[in-house]
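Peer 1: sequence-free structure coming up:
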């Protein structure tokens, strides 16, 4: 694998970039891509972020740091994308044209011409921070707020097991850049819309326990979303609901995307590997946070998940 210095030298050769983020973008996908885009723009390069879905409203404050530009790219970068199937339908045309992948997922498929993979990083934003510094680009307040957003959300506001001393050192430097820390934290972690609260109540009503309470499973249906009048990009964070319950080692969130198609999010304690569970269903992710897509009947999905967990939780 190429070094970060090699990647920096490669990027210096080009002046027009597309930056791809995954569908249903989370804080790290948004923060890392926005930070890289602003960094390029700050040194006179052209950069544009492409993603399938609109970003959730709570991240809109980062848009002020990006200039909208129209051009044809010379070089295409994917950030925080382990597999091209995460691009979404509108970006599939770039799946075999990606020149560089920057990622931190252990399940990365090595699909790009060049890959910089650091699975020890808690977020893609940590890698982008290192890359920007390697390129000698000044990390201004705007870049810092983008990076802080990515790092803080992918670590659960520094609660998850992926947090390292490096995470805190980077964050300390970002704070010193003058970011509006308390304001950003309130937006990201302490504010919920009334729609989201209504959806939460419906989700809790669907809660089921298994294996003496070591596993909790919740469901999200299209009918729930319609009842709450909530859009696809307005309920990030629901996957953490079942895992937050006392005594639960594995939290499963099953969301019906369309008839017979389900998106499954798995959140675990350090006792159980989420990514190993999801790999069995063709998915991937991190040690304590992973997911997969399932096509079939919901009863079969439940049965297969519980069968997979039985050996892990009935010890």
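Peer 2: Cool, got the structure. Quick caveat, the model's predicted, so the values are computed rather than measured.
Peer 1: Tell me which residues touch residue 251, please.
Peer 2: With contact set as C-beta atoms under 8 Å, 6 or more residues apart in numbering, residue 251 has these partners: 215-218, 239-245, 266-268. Where C-beta positions appear, they are placed from N, C-alpha and C, glycine not excepted.
Peer 1: Give me the three-state assignment for it.
Peer 2: Reducing the assignment at residue 251 to three states with DSSP: H, G, I helix; E, B strand; the rest coil gives strand.
Peer 1: For it, list each beta-bridge partner.
Peer 2: Per DSSP bridges, the residues bridged to residue 251 are residue 216, residue 267.
Peer 1: Name the secondary structure element that contains residue 47.
Peer 2: Element membership of residue 47, judged by DSSP states H and E, is strand 46-50.
Peer 1: roughly how far is that strand from the heart of the chain?
Peer 2: Computed by C-alpha atoms, centre = their mean, to the nearest Å, the separation of strand 46-50 from the middle of its chain amounts to 19 Å.
Peer 1: With stretch 148-160 instead?
Peer 2: For stretch 148-160, the distance from its own C-alpha centre to the chain's C-alpha centre is 10 Å (C-alpha atoms, centre = their mean).
Peer 1: For that stretch, measure first residue to last.
Peer 2: End-to-end distance for stretch 148-160: 15 Å, by C-alpha to C-alpha, to the nearest Å.
Peer 1: Pull out the buried positions in that stretch.
Peer 2: Of the residues in stretch 148-160, those with enough neighbours to count as buried (16 or more other C-beta atoms under 10 Å) are 148, 149, 150, 151, 152, 153, 154, 155, 156, 160.
Peer 1: Return the closest of those with respect to residue 66.
Peer 2: Lowest distance from residue 66 to those (C-beta to C-beta) belongs to residue 149, with 13.0 Å.
Peer 1: got a list of what that closest one touches?
Peer 2: Contact analysis of residue 149 by C-beta under 8 Å, 6+ apart lists 27, 30, 31, 34, 59, 62, 125, 184, 188.
Peer 1: Identify all contacting residues around the strand holding residue 47.
Peer 2: By C-beta under 8 Å, 6+ apart, the residues outside strand 46-50 that reach it are 15-21, 33-34, 36-37, 40-41, 66, 68-71, 73, 91, 94.
Peer 1: Just checking: what are the partner strands of the helix or strand bottoming out on mean pLDDT in the chain?
Peer 2: Least confident helix or strand, the chain: strand 284-285 with a mean of 86, by mean pLDDT, DSSP states H and E. When pairs are called by DSSP bridges, strand 284-285 turns out to pair with strand 289-295 (antiparallel).
Peer 1: what angle separates the following helix or strand past the partner strand from strand 289-295?
Peer 2: Scanning the chain past strand 289-295 towards its C-terminal end, the next helix or strand to appear is helix 298-313 (assignment: DSSP H and E). Helix 298-313 runs at 150 degrees relative to strand 289-295, counting by axes from the mean of the first three to the mean of the last three C-alpha atoms, to 10 degrees.
Peer 1: Can you give me the buried ones in helix 298-313?
Peer 2: For helix 298-313, burial by neighbour count (16+ other C-beta under 10 Å) applies to 301, 302, 305, 308, 309, 312, 313.
Peer 1: if you average pLDDT over stretch 45-62, what comes out?
Peer 2: Within the predicted structure, the mean pLDDT of stretch 45-62 is 96.
Peer 1: Run the chain-centre distance for it.
Peer 2: Computed by C-alpha atoms, centre = their mean, the chain-centroid distance of stretch 45-62 equals 13 Å.
Peer 1: If you go by neighbour count, which of the contacts of strand 46-50 are buried?
Peer 2: Buried residues within the contacts of strand 46-50, defined by neighbour count using 16+ other C-beta under 10 Å: 15-21, 33-34, 36-37, 40-41, 66, 73, 91, 94.
Peer 1: list the contacts for the residue nearest to the spatial centre of the chain?
Peer 2: Computing the C-alpha centroid of the chain and ranking residues by C-alpha atoms, centre = their mean puts residue 26 first, at 4.3 Å. Listed by C-beta under 8 Å, 6+ apart, the contact set of residue 26 reads 153, 154, 236.
Peer 1: Can you lay out those as a markdown table showing distance to residue 175, secondary structure and pLDDT?
Peer 2: Output for those, formatted as a markdown table (distance: C-beta to C-beta, whole Å; DSSP: H, G, I helix; E, B strand; the rest coil; pLDDT from 0 to 100):
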| residue | distance to residue 175 | secondary structure | pLDDT |
| --- | --- | --- | --- |
| 153 | 16 | helix | 96 |
| 154 | 17 | helix | 95 |
| 236 | 24 | coil | 84 |
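Peer 1: Which of those sits closest to residue 130?
Peer 2: The shortest approach to residue 130 among those belongs to residue 154, at 15.2 Å (C-beta to C-beta).
Peer 1: which residues sit in contact with the closest one?
Peer 2: Contacts here follow C-beta under 8 Å, 6+ apart; on that basis residue 154 touches 26, 27, 28, 122, 123, 124, 125, 160, 162.
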